[in-house]
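Student: Coordinates for the following, if possible.
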Amino acid sequence: GNGSCEVIASVIKAFCERGDNIVTADKTFAVYEWVAEFSGFQARLTPLRDMAFDPQAMLDAADERTKIFFVCNPNNPTGTYWDAATMRGFLEAVGGERIVVLDEAYFEYVDRKDYPDGMELMREFPNLVVFRTFSKMYALAGLRVGYLCGSAEVVDIIRRTHVVYSVNSLGQIAATAALEHDGPFIADTRAMVGEAKELLRGECVRLGLEYVCHEGNFMMIRTPVSDTLLYRKLAHKGVLVRTMTGFRFPDWIRVSLVQRPVMEEFCRALEEVMRG
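Tutor: Prediction:
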């Protein structure tokens, strides 16, 4: 699809009818909620528990009109994830009557033995749909290439609602090329992100700032001032961050974890703003 956003819309259109609802978390990738509401369906939002999706809360929120569960694993923006046992337990509790969407946009950043691979789980749970994207690890966000995988029966239903020719040829060529030698690139990128995490964690401790940092190429920092104000002050110094009020995290920012020189520049700018 033309990015994961289009894929989200296709799944919702395929399985929801008037009066239906979806279930997801309140502090996650907001497009699940937005697309459902814009399409005339209710989005039932459950609170995070310890910054992670709460499986029992999601099950409790469902009723006979619930058609889809959306689980972001690892979660954007907290970086928390369900381990294999939690994921399997949730899928077994849901049963096969509803679709479970597992959004693995940040899959390639996770190097944990207990992290579940949605592609493998699909073989056992035919109602599972897995999202992946070329916008994160592969840095092709501007070309808009996202995709889903699922059982033949489920994918056939989704295909009927999907727009044809939505991914341009340049995006298809770039995505194919990105997969050809991705092994060393993924390993190098994971190492770079790990180094950036350690650097930024130390800076937050030094400045006395609360932070949330788990999986993924990002880190959330709680700000002592309005996130919008901090954004403007950092932008004035040539540094851009993401305000998190839109994610229901008021007065937090999200920082991308990149090459060390860029992270050092961010740390200097952050300290100047905090001290100023």
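
Student: From the structure, what's the count of residues near G118?
Tutor: Other residues within reach of G118 by the criterion other CB atoms under 10 Å amount to 23. Glycine gets a C-beta too; all of them are placed from N, C-alpha and C.

Student: all helices of the stretch 151-276 of the chain, in order?
Tutor: 152-159, 169-180, 182-207, 227-236, 260-275 (DSSP state H, counting those that start in this stretch).

Student: Lowest mean pLDDT across those helices, which one is that?
Tutor: Across these, helix 169-180 has the smallest mean pLDDT, namely a mean of 84.

Student: now it against helix 182-207, angle please.
Tutor: For helix 169-180 against helix 182-207, the angle by axes from the mean of the first three to the mean of the last three CA atoms, to 10 degrees is 90 degrees.

Student: Same list, the helices of the stretch 151-276 of the chain, but as CSV with mean neighbour count please.
Tutor: Listed next are the helices of the stretch 151-276 of the chain as CSV, based on neighbours: other CB atoms under 10 Å:
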stretch, mean neighbour count
helix 152-159, 13
helix 169-180, 13
helix 182-207, 15
helix 227-236, 16
helix 260-275, 15
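
Student: and the ones you listed as a markdown table, adding distance to T133?
Tutor: Formatted as a markdown table, the helices of the stretch 151-276 of the chain follow (distance: least, CB to CB, whole Å):
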| stretch | distance to T133 |
| --- | --- |
| helix 152-159 | 16 |
| helix 169-180 | 10 |
| helix 182-207 | 14 |
| helix 227-236 | 25 |
| helix 260-275 | 22 |
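
Student: Assess the claim that L257 and K197 are in contact.
Tutor: Yes: L257 is in contact with K197 according to CB atoms under 8 Å; the separation is 5.9 Å.

Student: can you list residues touching both of these two?
Tutor: Residues touching both L257 and K197 (CB atoms under 8 Å, 6 or more residues apart in numbering): M219.

Student: still on that earlier bit, which one of the helices of the stretch 151-276 of the chain lies nearest to F134?
Tutor: Of all these, it is helix 169-180 that lies closest to F134, at 4.9 Å by CB to CB.

Student: Give me the contact list for the closest one.
Tutor: The contact list for helix 169-180 (CB under 8 Å, 6+ apart) reads 134, 138, 140, 143-145.

Student: Check the gap between E215 and V31 for me.
Tutor: As judged by CB to CB, to the nearest Å, E215 and V31 stand 20 Å apart.

Student: same check, this time on G216
Tutor: Distance of G216 to V31, computed by CB to CB: 17 Å.

Student: just L121 next, same as before
Tutor: Going from L121 to V31 by CB to CB gives 23 Å.

Student: Which residues lie in contact with the spatially closest residue to P250 that is not a sequence neighbour in this structure?
Tutor: In space, and not counting its chain neighbours, P250 is closest to D227: 6.8 Å by CB to CB, 6 or more residues apart in numbering. Residues near D227 by CB under 8 Å, 6+ apart: 243-245, 250-253.
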